[in-house]
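In: 3D, please:
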Amino acid sequence: MEIEKKDIRSLSKAQLRDFFVANGDKAFRGNQVYEWLWSKASHNFDEMTNVSKETRAMLENNFVINHIKVDTMQRSEDGTVKNAVRLHDGLVVESVLIPTNTRTTACVSSQVGCSLDCNFCATARLKRMRNLEPGEIYDQVVAIDRESRLYYNRPLSNIVFMGMGEPLMNYNNVMKAIDMITSEEGLGMSPKRITVSTSGVSKMIKKMADDEVKFKLAVSLHSAIEETRNSIMPFTKNFQLPELKEALQYWYQKTKSKVTYEYVVWKGINDDKASIDALVKFCKQVPCKVNLIEYNPIDDGGPDYRKASFQQASDEAIANYIKALEQNDIVAKVRRSRGKDIDAACGQLANKS
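Out: Numbering: from 1, shown residues only. Just a heads-up that it's a prediction; the model follows:
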């Protein structure tokens, strides 16, 4: 029976060095291979040209590189690019390139499917199959950086964890991926250009604060009225607003980093004065800004998926939100939906300009 080979990217640099020493080679060989795996994002041992053929064969016999493959790519009329990313085990996730005049943002996935049940989100229909490994998250960023250079003649500038899955329910792997993305031995990107978006997993927000992360935090809020929030995202009954507020206050106390609230306004759900007043009150608890997001409707012609309940709110309702927030010195912006002519499993492609 053939033994399943280990993904070499699960080894630290120290472990790689030890592997080579144990196999009669020099420790520095581990440094060379580590650079190929991360800084050069190699997907094949044969690409490691400063390593002997014998050494490459030994690596091939002992390890695999479980890299992603961009299966299909769709380009929107507005320049947005959606990648269907096939993993080594045949499962598929999505990542999205969102360009503006001044920057290019990668929207990446952290899980195959999602264990949460947001009623408005396409991914909620997909059972969570597994967490993504750090290398699989890293590969999505590398792929979008290459597309950004190819199509827009500039490197990737920002990353948002707003694709498939809840990042804080794959905490360790997401943190390891971000460590490599920001490391000089990886992509060398500033953590200040990375935003991790959560639906409000309070205890993990506190853990991030304790871990002294340097990236930004976004919270998909959508309502500051408990009953409304629970109806939009039923799982939030386990992460209620007082607990979320406390976690975010703790986050700001530890990091001094403002929170961004992602907030979709829907007709007849959260477009009334009570909803506006509740959001203003909640925003006063922690220094923050608000992204009001234009709803990107889900419509795949399938059976009743509660999608009929979710309709884009009027421009007047959005204007009322903006006015109330600004009158209370809360920074608010409207994010228009991107990639409307292509489908995206994350449900909402926000313009990150």
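
In: Thought T198 was touching T236, still the case?
Out: No. Counting by CB atoms under 8 Å, T236 does not reach T198; the two are 11.2 Å apart. Bear in mind the C-beta positions are built from the backbone N, C-alpha and C, glycine included.

In: Counting neighbours, what do you get for N238?
Out: Applying other CB atoms under 10 Å, we find 11 residues neighbouring N238.

In: ok, now how distant is it from M169?
Out: 12 Å (CB to CB, to the nearest Å).

In: Tell me the pLDDT of the closest residue to N66 other than its chain neighbours.
Out: In this structure, N66 finds its nearest non-sequential neighbour in H88, 4.1 Å apart by CB to CB, 6 or more residues apart in numbering. On the pLDDT scale, H88 is placed at 94.

In: tell me the secondary structure for H88?
Out: coil (DSSP: H, G, I helix; E, B strand; the rest coil).

In: Can you tell me how far it is from R130?
Out: Taking CB to CB, one finds H88 at 12 Å from R130.

In: swap in Y252?
Out: Taking CB to CB, one finds Y252 at 33 Å from R130.

In: likewise V160?
Out: Applying CB to CB to V160 and R130 gives a distance of 22 Å.

In: repeat for R75
Out: For R75 relative to R130 (CB to CB), the value is 29 Å.

In: Give the closest residue to F28 in space, chain neighbours not counted.
Out: R17 (7.7 Å).

In: by contact count, what packs against the helix or strand hosting the one you found?
Out: Assigned by DSSP states H and E, R17 falls within helix 13-22. Counting contacts by 3 or more CB pairs under 8 Å, 6 or more residues apart in numbering; DSSP states H and E, helix 13-22 packs against helix 28-37.

In: where does the stretch 1-150 of the chain have low pLDDT?
Out: The model of the stretch 1-150 of the chain has pLDDT under 70 over residues 1-3, 114-128.

In: Following the helix or strand where T105 lies in sequence, what is the next regular element?
Out: Assessed by DSSP H and E, T105 sits inside strand 104-107. Per DSSP H and E, strand 104-107 leads on to strand 111-112 as the next helix or strand towards the C-terminus.

In: Identify the residues contacting that following strand?
Out: With contacts defined as CB atoms under 8 Å, 6 or more residues apart in numbering, strand 111-112 is touched by 87, 91-93, 126, 128-132, 164-166, 169-170.

In: neighbouring strands for that strand, and are they parallel or not?
Out: Its sheet considered, strand 111-112 pairs with strand 130-131 (antiparallel) by DSSP bridges.

In: Give me the contact list for the partner strand.
Out: Applying CB under 8 Å, 6+ apart, the set of residues contacting strand 130-131 is L91, S110, Q111, V112, G165, M169, N170, N173.

In: Relative to N101, how far out is the second one?
Out: What that stands for is S110. From S110 to N101 the distance is 28 Å (CB to CB).
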